[in-house]
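Undergrad: For reference, the sequence and a predicted model appear below.
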Amino acid sequence: MHHLIRKFALLAVATATTTTAAVLPTPSTQAVPRLIGTTEFGVRFEPDGDPGQCGGRQGEQWHLNGEWSDQIQLDTDDRPGGCRLAFGIYDPQNQMRDASVRYAFQSAPGAGPGQCGNEGDYRIPTSSTARTFGPAIRIDTDSRPGGCTLTFLVSNTPSVTLDIRYAGDGDVRQCGGALPNDLFTASPGHPVALTVDTDNRPGGCRMQLRLNI
């Protein structure tokens, strides 16, 4: 009889263990997915000479609507080469609709030749299928006279704006007279023009951007 009771007891324990194991949830191994369908603003910033002239975040970066981009720093001087800069908008749900965001790049009055590469007025491409960039401008200001003017323009809708943080981290006269933590907003009818004239004076110009819809 004792052997029979012991057998039934072991059987009950085994059954309970199997039942408990069957109902335990399986741990998830998937990462939290990125928000789907949200507009992103892209910046591509890269050196074509001495990389120390192009500080902060180099390469390609994309940030969700309403988020600041990582900071870049322009400090082109008499060292070889300069910095290339381009922008893009990824808009999978067509949130931008008919909005147009542009960047115009030109030599400031009296600027020496070759400081402002690929001058022109470009629309930031807005794509629903791929993260792409517009034409790259090239900044190579040094000890030659003058510098470059980079202007951001928004048109066609009042609901879209582009915020720009632009500040000098040394001699602020290199950055269009910007003071630390200056904040500008490009909106329809209100373009933002920034001057870049970095040379061998201390410091350079720091920039961040944020798209708002």
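TA: Alright, I've got the coordinates. Residues are numbered from 1 along each chain as shown.

Undergrad: can you tell me how far the residue nearest to the spatial centre of the chain sits from Arg210?
TA: By CA atoms, centre = their mean, the chain has its centre lying nearest to Ser69, at 3.6 Å. The spacing between Ser69 and Arg210, counted by CB to CB, to the nearest Å, is 7 Å. Backbone N, C-alpha and C define where each C-beta goes, glycine included.

Undergrad: Also Ile72?
TA: 13 Å.

Undergrad: the more surrounded of those two?
TA: In terms of neighbours (other CB atoms under 10 Å), Ile72 is the more surrounded of Ile72 and Arg210; the figures are 22 against 19.

Undergrad: Please name the nearest non-neighbouring residue to the more buried one.
TA: Distances taken as CB to CB, 6 or more residues apart in numbering put Gly56 closest to Ile72, at 4.3 Å, once the chain neighbours are dropped.

Undergrad: Asp75 is in contact with that neighbour, correct?
TA: No - the pair Gly56 / Asp75 is not scored as a contact, 9.9 Å apart, by CB atoms under 8 Å.

Undergrad: So these two - more neighbours on which side?
TA: More crowded of Gly56 and Asp75, by other CB under 10 Å: Asp75, with 26 against 16.

Undergrad: how about that one, what does it touch?
TA: Neighbouring residues of Asp75 by CB atoms under 8 Å, 6 or more residues apart in numbering: Gly52, Gln53, Cys54, Gly55, Thr198, Gly203, Gly204, Cys205.

Undergrad: tell me the least confident of these?
TA: Minimum pLDDT across those is recorded for Gly203, with 75.

Undergrad: Touching, that one and Arg173? I think so.
TA: No - between Gly203 and Arg173 there is no contact under CB under 8 Å: 10.3 Å.

Undergrad: Would you map the helices across the protein?
TA: Assignment of helices within the chain using DSSP state H yields the ranges 2-23.

Undergrad: shaky segments in it?
TA: Applying pLDDT under 70 to the chain flags residues 1-37, 177, 180-181.

Undergrad: ok, 50 please
TA: Along the chain, segments meeting pLDDT under 50 span 1-34.

Undergrad: Excluding chain neighbours, give the residue nearest to Gly49 in space.
TA: Distances taken as CB to CB, 6+ apart put Gly81 closest to Gly49, at 1.2 Å, once the chain neighbours are dropped.

Undergrad: Could you check how far the one you found is from Phe87?
TA: Separation of Gly81 from Phe87 (CB to CB): 21 Å.

Undergrad: Check Thr185 too.
TA: For Thr185, the distance to Phe87 - CB to CB - is 16 Å.
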